[in-house]
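Visitor: curious how this folds, go ahead:
(one chain, ligands or ions: 1)
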Amino acid sequence: MSTSTDDGHPRGRALWERARQVIPGGVNSATRLIGRPYAFTRAEGAYLWDADGNRYVDYHAAFGAILLGHRDPAVDAAAAAATAQIDLVGLGVTEHEVRMAETLREVLPSAEMTISCMSGSEATAQAARLARGVTGRRYLVKVQGGFHGWHDPFARNVISPPERAYRLDPLSSGILPDSLSGTLIAEYNDLESVETFFHAFPEQIAAIIVEPIPHNVGALLPEPGYLEGLRAITEREGAVLIFDEVITGFRHALGGYQQIAGVTPDLTTFGKAMANGYPVAGLGGSRALMENFSSAGGSVLLAGTYNGHPVGAAAALATIDRLRDTDHYPRVRRLGDLMRAGLAEVISELGIPAQVVGEGSVFVVYFVPEPVRGYRDLLGNDDDAYREFHRRMTDSGFLMLPMSLKRNHISGAHTEDDVTRTIDAARTVLTDMCA
Ligand code: PLP
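Guide: Alright, predicted model coming up:
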């Protein structure tokens, strides 16, 4: 990261310097280091303001947690009303968490029962343990390029540089090799790579976990038959199919991407967008599976001080109400289509070897011209161009995360005018990059 002091953000820099004295690296999650010491002081609708008073159109959207727009009045009011009524109890159950589980059962095809926790990582950790506990099997299969949280079992082969793909590449030090040796890495959109593992390890694979659209590497889209194939293989083999819908859930449809795909997994993890930025996440599945948690007399430990927090539950209920009562999905899809078409036109005009992909409210520019169906195809992405594009867009007031292969999100608060101005800015940025 540049440490020059003439970056035009004196207040942001001052706050960041203070932060670095008391928070490692100055940020509370490593991917929040976004090229310069940004410090934000205000958020509203589609916009963020930094400490120096600059306004940004926000497509980062807190990694997709902001779905309706920042500080949605209805969601904030519901959270405030919950706070005025009750806070954390830690015993028995509260009305909010029951209503949330009932509502999730109504909207999410696979969620006959749910548990609620605070983060997506907790949800996927619970899913892995439940699958292993129920099947008594060792292996978990994940997809190259997928990310399922920061904990040990899935901290492998996430976004490997080309020379490290398919090797053991833990995300972090401090992980015992044993924790990773039970995790197998398949290719997205490649059922054969999954079958290979079932042949090699018969009756030893507990679960396949997949982001139905691996948004952690942009927006790879499932080919017809792929998700259905995973469903058929897991059914045949007695393994658990887990859809990690921490990003796709609520973002693409109220019933998650599983509703769009028409494929119902055994377990679903969700978080981020479900409460428009309030900290709540969860895991849903059939009663038969979920009653293996210790809370129902099963052998799989269920614990968590903040699980089922009434404020998160109230925010999730209000978010779901807003999604039910408005034309949110067709509206953001229309804006997404407009954005993708506009950016594709600019790229074509300038003859840049790139393409625009996405789904609904999500858009990504891959700097690779050939069609992309799996992580392998992304190894040809021009990462420098990708990061440069995002950095320059952010400098122009359109906040995008300058980490390679990260997606952008349109929220319910963005307008057609925001999209048009973004396309105009992209034209200027890409023209400059070509010069
Ligand atoms: N699963 C997916 C698909 C994610 O993208 C993430 C986070 O980015 C997680 C799980 C972990 O969620 P959290 O950051 O809330 O722990």
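Visitor: quick one: stretch 350-362 near the ligand?
Guide: No - judged by C-beta under 6 Å from any ligand atom, stretch 350-362 makes no contact with the ligand; its nearest approach is 12.2 Å. Heads up, the C-betas are built off the backbone N, CA and C, glycines and all.
Visitor: and that stretch, what's buried?
Guide: 352, 354, 355, 356, 357, 358, 359, 360, 361, 362 (16 or more other C-beta atoms under 10 Å).
Visitor: can you get me the start-to-end distance on that stretch?
Guide: End-to-end distance of stretch 350-362 (C-alpha to C-alpha, to the nearest Å): 23 Å.
Visitor: and if you look at stretch 280-288?
Guide: 24 Å.
Visitor: quick one: buried residues of that stretch?
Guide: 280, 281, 282, 283, 284, 285.
Visitor: would you check which pair of those residues lies furthest apart?
Guide: 280 and 285 (17.5 Å; C-beta to C-beta).
Visitor: residues making contact with the longest helix along the chain?
Guide: Longest helix in the chain by number of residues, with DSSP state H as the criterion: helix 328-350. Identification of contacts with helix 328-350 by C-beta atoms under 8 Å, 6 or more residues apart in numbering yields 68, 252-254, 322-323, 354-363, 365, 410-412, 414, 416, 419-420, 422-423, 426-427, 430-431, 434.
Visitor: PyMOL command for the buried members of these?
Guide: In PyMOL, a selection of the buried entries from the contacts of helix 328-350 looks like this (16+ other C-beta under 10 Å):
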select buried, resi 68+252+253+254+322+323+354+355+356+357+358+359+360+361+362+363+365+410+411+412+414+419+422+423+426+427+430
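Visitor: next step: the contacts of helix 328-350 restricted to strands.
Guide: 355, 356, 357, 358, 359, 362, 363, 365 (DSSP state E).
Visitor: can you pull the contacts of the second one?
Guide: This means residue 356. Residue 356 is in contact with 340, 343, 344, 347, 363, 364, 365, 366, counting by C-beta under 8 Å, 6+ apart.
Visitor: ok, of those residues, which one's closest to residue 142?
Guide: Closest to residue 142 out of these is residue 364 (20.9 Å), distances taken as C-beta to C-beta.
Visitor: quick check: beta-bridge partners of that closest one?
Guide: In this structure, residue 364 bridges to residue 357 when assessed by DSSP bridges.
Visitor: so it makes contact with residue 221?
Guide: No - in this structure residue 364 lies outside contact range of residue 221 using C-beta atoms under 8 Å: 10.7 Å.
Visitor: and these two? Which one has more around it.
Guide: residue 364 (23 against 15; other C-beta atoms under 10 Å).
Visitor: just the pLDDT for that one.
Guide: Note on residue 364: pLDDT of 97.
Visitor: what sits against it?
Guide: 218, 219, 356, 357, 358, 405, 406, 407, 408.
Visitor: for the ligand, see how far away it is.
Guide: Distance of residue 364 to the ligand, computed by C-beta to the nearest ligand atom, to the nearest Å: 14 Å.
Visitor: cool, residue 103 as well?
Guide: Counting by C-beta to the nearest ligand atom, the gap from residue 103 to the ligand is 20 Å.
Visitor: how many residues are close by that residue?
Guide: 19.
Visitor: in which helix or strand does the residue of the stretch 201-350 of the chain found nearest the ligand reside?
Guide: Closest residue of the stretch 201-350 of the chain to the ligand, C-beta to the nearest ligand atom: residue 246 (3.5 Å). Residue 246 belongs to no helix or strand when elements are defined using DSSP states H and E.
Visitor: for it, which non-adjacent residue is closest in space?
Guide: Distances taken as C-beta to C-beta, 6 or more residues apart in numbering place residue 120 nearest to residue 246, at 3.7 Å, with adjacent residues excluded.
Visitor: give me the phi and psi for the one you found.
Guide: Backbone torsions of residue 120, given as degrees, to the nearest 10, read phi -60, psi -30.
Visitor: who's in contact with it?
Guide: By C-beta under 8 Å, 6+ apart, residue 120 lies in contact with 148, 149, 244, 246, 269, 270, 271, 272, 281.
Visitor: so which residue is dead centre in this protein?
Guide: Nearest residue to the geometric centre of the chain (C-alpha atoms, centre = their mean): residue 247, 3.1 Å.
Visitor: would you pull up the residue in this protein closest to the ligand?
Guide: Closest point on the chain to the ligand, by C-beta to the nearest ligand atom, is residue 120, at 2.3 Å.
Visitor: neighbours around residue 311, how many?
Guide: With other C-beta under 10 Å as criterion, residue 311 counts 23.
Visitor: residue contacts, it?
Guide: Each residue near residue 311 by C-beta under 8 Å, 6+ apart is listed here: 79, 82, 83, 87, 278.
Visitor: check which helix or strand covers it.
Guide: Per DSSP H and E: helix 310-325 holds residue 311.
Visitor: then residue 268?
Guide: Short version: residue 268 belongs to strand 267-270, going by DSSP H and E.
Visitor: where's the lowest-mean-pLDDT helix or strand in the chain relative to the chain centroid, distance-wise?
Guide: Here the helix or strand of the chain ranked lowest by mean pLDDT, DSSP states H and E is helix 177-180, holding a mean of 87. Chain-centre distance of helix 177-180: 25 Å, with C-alpha atoms, centre = their mean, to the nearest Å.
Visitor: please enumerate the strands of the stretch 151-300 of the chain.
Guide: Secondary structure of the stretch 151-300 of the chain (DSSP state E, counting those that start in this stretch): strands located at 183-186, 205-210, 240-244, 267-270, 281-285.
Visitor: quick one: mean pLDDT for the longest one?
Guide: The predicted model assigns strand 205-210 a mean pLDDT of 98.
Visitor: still on that earlier bit, now, which of the buried residues of stretch 280-288 lie close to the ligand?
Guide: Subset of the buried residues of stretch 280-288 in contact with the ligand: residue 281, counting by C-beta under 6 Å from any ligand atom.
Visitor: and the nearest residue to residue 420 once chain neighbours are set aside, how many neighbours?
Guide: Distance criterion C-beta to C-beta, 6+ apart; nearest residue to residue 420, sequence neighbours excluded, is residue 342 at 7.5 Å. Residues lying near residue 342 (other C-beta under 10 Å) number 19.
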